[in-house]
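**Student:** Attaching a predicted model along with its sequence, questions to come.
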Amino acid sequence: MSMNLNTGNWKEFRLGNLFSEMYKAEAHVKADLECFNMFSHNTIKFISRTEMNNGCDCYVLNNDLTGIEEGNAISIGDTTATCFYQSERFICGDHMVICRAGWLNKYTALFVLSILKQEKYKYSYGRAYKMDLISNTVIKLPATADGSPDWDFMERYIQSLNYKPLTTQNNHPQHLLNIDSWQEFFVSDIFEIYNGKFITKEEVDENPGDFRAVQSGEENNGILGKIDKQYCIDNGYIYTDQPCLTVARSGSAGYVSYQNFGCVVGDSAKILLLKDSSWRTPYIYLFIKTLLMANKFKYTYGRKVTEDKYLIEIINLPVKLTREGDIMIDTQKKYSAKGFVPDFEFMENYIKSLPYGDRI
């Protein structure tokens, strides 16, 4: 049974006073290492500033590596403010800060990290989260009667959270991908695009509600927080009530998220709505999101996603075929100048057939 949180009794604590050790990890250059996508014999985790996969960029061959960090530590990227708990031995890339303490375990770490990650927005747009800033960061935590952090409560609270293991009836995909017959489409052939405007974290905090506000970050599916919808309407903000995709214009430019309940977008994001409203389903959006994400690399090094540029991005999609197996051509050319017709039905059925596709 989950425990209740009464934040009224929480106290402020400086991170530098909570951790007994805080130091820069030895930096390894990924290009100099033998890398693997998954764990194999004699490999070790390579932790970098990535927001994905708990900070694990890849696994590398442990060929008498130096600077190996023991597990039970928190890793923080000092230029990205990405922070994760590392339970196993690891090495680091550049700009990584390691934090250790006697109270640290996976439960207390998860509790503290859930609060610390709320500070991340302060260090976007090139503001580095250097070690002195980390040390001086103040967060609120449950406290004991004598004013010390209540580590026992935090541990028990995380242990009390309820969850059920996710199961699936889909053990074998029923639809195979034959990309040889896929055809090219411009993003503008498939999507309507709407540019966001304004919306700050302060606005979200000062006008709380149930409507998702999306900006340019990758964390939390791009969601900045939940805001009052009427406030957004009154201020002329760009929103949709329908399921949609969003794409980050700057920051994590090119990052695409799926928003199943609609959202309002700030000036660092855009809404993508399928032109054919009858196919605005989670399955279609998730299928196309994967393809759009393959173009994200084009927007690194400060390149922004502009509307004109994004509308002429090309993605390959499955297309409808005739009974004879030839590519179907639409003389009205609704979806492309060449008359190709996206096979939305195949896309939907493919996602449904994947393991856990029955849980969407």
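**Tutor:** That came through fine.
**Student:** Give the residue spans of the stretch 151-300 of the chain that score low on pLDDT.
**Tutor:** For the stretch 151-300 of the chain, applying pLDDT under 70 flags the ranges 172-175.
**Student:** Please enumerate the strands of it.
**Tutor:** Applying DSSP state E, counting those that start in this stretch to the stretch 151-300 of the chain gives strands spanning 183-186, 191-195, 208-214, 223-227, 238-240, 244-248, 256-259, 263-265, 269-274.
**Student:** Name all residues that make contact with Ile327.
**Tutor:** By C-beta atoms under 8 Å, 6 or more residues apart in numbering, the contact set of Ile327 is Ser181, Gln183, Val319, Lys320, Leu321, Phe340. Heads up, the C-betas are built off the backbone N, CA and C, glycines and all.
**Student:** what's the closest non-adjacent residue to the last one?
**Tutor:** Translated: Phe340. Gln183 (4.4 Å; C-beta to C-beta, 6 or more residues apart in numbering).
**Student:** burial measure for the one you found, as a count.
**Tutor:** 17 (other C-beta atoms under 10 Å).
**Student:** and it, how far is that from Lys289?
**Tutor:** 19 Å (C-beta to C-beta, to the nearest Å).
**Student:** so where does the most far-flung residue of the chain relative to its centre fall, helix or strand?
**Tutor:** Distance from the centre of the chain peaks at Glu324, with 42.3 Å (C-alpha atoms, centre = their mean). Using DSSP states H and E, Glu324 maps to neither a helix nor a strand.
**Student:** Tell me the pLDDT of it.
**Tutor:** pLDDT, Glu324: 93.
**Student:** And it, its phi and psi?
**Tutor:** Per-residue torsions, Glu324: phi -80, psi 0 (degrees, to the nearest 10).
**Student:** and it, what is it in contact with?
**Tutor:** By C-beta under 8 Å, 6+ apart, no residues touch Glu324.
**Student:** So what pairs up with the spatially closest residue to Leu292 that is not a sequence neighbour in the strands?
**Tutor:** Distances taken as C-beta to C-beta, 6+ apart place Val256 nearest to Leu292, at 4.7 Å, with adjacent residues excluded. When bridges are called by DSSP bridges, Val256 pairs up with Val247.
**Student:** show me where the stretch 1-150 of the chain has strands.
**Tutor:** Here the stretch 1-150 of the chain has its strands, by DSSP E, counting those that start in this stretch, at 11-14, 21-24, 35-36, 43-47, 56-61, 73-77, 83-86, 90-92, 96-100, 138-141.
**Student:** and the ones you listed as a markdown table, adding mean pLDDT, distance to Lys298 and mean neighbour count?
**Tutor:** Shown next, in a markdown table, are those (pLDDT from 0 to 100; distance: least, C-beta to C-beta, whole Å; neighbours: other C-beta atoms under 10 Å):
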| stretch | mean pLDDT | distance to Lys298 | mean neighbour count |
| --- | --- | --- | --- |
| strand 11-14 | 94 | 41 | 13 |
| strand 21-24 | 95 | 32 | 13 |
| strand 35-36 | 86 | 23 | 14 |
| strand 43-47 | 94 | 25 | 22 |
| strand 56-61 | 91 | 20 | 18 |
| strand 73-77 | 94 | 23 | 24 |
| strand 83-86 | 95 | 27 | 21 |
| strand 90-92 | 96 | 28 | 24 |
| strand 96-100 | 96 | 27 | 21 |
| strand 138-141 | 93 | 37 | 15 |
